[in-house]
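K.L.:
just need the structure, nothing else, for what follows:
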Amino acid sequence: MNKHTKFRQTADWKKFRLVLIEKCNFACQLCGTAYTGKRKKMLQVHHLLPVRYDWLEPENFKVLCSNCHDLVERFAIKKSWGIYKDKWQDLLNDFMPKEKK
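P.N.:
Residues are numbered from 1 along each chain as shown. Coordinates of the predicted model:
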């Protein structure tokens, strides 16, 4: 078991995670979808500074649904490609819904 997995099993992490999710009213901070009942388990806590994994400061985290968390993680990988960052962002914009003019 790696140290991140071990840390996620601690009482400190579980309490901190729950407080973050409650403060967001059980809603994803990216798409805004609210979750109730058993579906609350779809909410995840995303680390903005993964190197400071155990630094439990609210500004180091975002609450995301599993779908948005996957999207953010995938985009982070693409963004790390350096010279392709602008091309990747332009490509994403091409697929975003357009507003009526």
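K.L.:
helix/strand/coil for D54?
P.N.:
Look at D54: counting by DSSP: H, G, I helix; E, B strand; the rest coil, its state is coil.
K.L.:
how much space between it and T10?
P.N.:
Distance of D54 to T10, computed by CB to CB, to the nearest Å: 9 Å. Placement of C-beta: from N, CA and C, glycine included.
K.L.:
same thing with N60?
P.N.:
N60 is 16 Å from T10, where distance means CB to CB.
K.L.:
more neighbours: which of these two?
P.N.:
More crowded of N60 and T10, by other CB atoms under 10 Å: N60, with 15 against 11.
K.L.:
ok, the more buried one - contacts?
P.N.:
Applying CB atoms under 8 Å, 6 or more residues apart in numbering to N60 gives the contacts H47, L48, L49, R52.
K.L.:
between those, which has the most around it?
P.N.:
Greatest neighbour count in the contacts of N60, by other CB under 10 Å, goes to H47: 14 neighbours.
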